[in-house]
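Student: 3D model of this:
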Amino acid sequence: MDDICRVIYGPIATQALGLLARYEQAVDALLANGRDPALYSEASALFDTLQLHASDLAGVRASWVEVLISRFEFTQALWQTQATGAEAGRLRSVGLTHLAAIASFRQESRIRYLPCSN
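Tutor: Next comes the predicted model:
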C-alpha cells in the first residue's frame, strides 16, 4: 500500500514540498525584515497554492493542521508587532514555532509519499 500511496500522491507531495521551500524562504525573510507588504503578499500567495496541494495529502493532515495553526499565530504576531510595536521577541518565537511546524510537515511528507533514496 505504501508504494501505491507514493505513486499516486508522490507527485502532489513533490509539488507541495517545492512550494513549501519557497514559502519557508519568505517566512525567513519576513522574520528578518519585518512586514514588507510585497513579501507578505508573495508569502500569502505561495501559502494559498500550497494549501491546495497539502489538502490532498490526507496521510499528513495532523501535521498540516499544525502548520495552519502556527501560520495564523505567526501572521497575527507579525501584524501586531508592526501595528502596535509589540515585542519583536514574541514574533521571533512564534516564527520559529511556525518554521518547526513546516519542518515537521516536510519530514512526514517525505517519509510517507516520496521514494526512499538508496
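Student: what about residue 66, which helix or strand?
Tutor: helix 61-84 (DSSP states H and E).
Student: Run the chain-centre distance for the following helix or strand past that helix.
Tutor: For helix 61-84, the following helix or strand on the C-terminal side (DSSP H and E) is helix 88-113. Taking the mean of its C-alpha atoms, helix 88-113 sits 7 Å from the chain's own mean (CA atoms, centre = their mean, to the nearest Å).
Student: Over to stretch 8-19?
Tutor: For stretch 8-19, the distance to the chain centre is 13 Å (CA atoms, centre = their mean).
Student: likewise stretch 8-21?
Tutor: 12 Å.
Student: what's the single longest helix in this protein?
Tutor: If you go by DSSP state H, the chain has its longest helix at helix 2-33.
Student: Hey, what's the angle from it to helix 88-113? Just curious.
Tutor: Using axes from the mean of the first three to the mean of the last three CA atoms, to 10 degrees, the inter-axis angle of helix 2-33 relative to helix 88-113 is 160 degrees.
Student: Could I get the buried residue list for helix 2-33?
Tutor: Judged by neighbour count (16 or more other CB atoms under 10 Å), helix 2-33 contains these buried residues: 6, 9-10, 12-13, 15-17, 19-20, 23-24, 26-27, 30-31. Placement of C-beta: from N, CA and C, glycine included.
Student: And the residue sitting nearest the centre point of the chain, what's its pLDDT?
Tutor: The chain has residue 102 as the residue nearest its centroid, 4.4 Å off, counting by CA atoms, centre = their mean. If you check residue 102, the pLDDT there is 97.
Student: same thing with residue 62?
Tutor: Reported pLDDT at residue 62 in the predicted model: 94.
Student: How about residue 115?
Tutor: Per-residue pLDDT puts residue 115 at 76.
Student: Next: residue 86.
Tutor: 67.
Student: picking up where we left off before, OK, contacts around the residue nearest to the centre of the chain?
Tutor: 20, 23-24, 27, 67, 70 (CB atoms under 8 Å, 6 or more residues apart in numbering).
Student: 6 Å instead?
Tutor: Residues in contact with residue 102 (CB atoms under 6 Å, 6 or more residues apart in numbering) are 24, 67.
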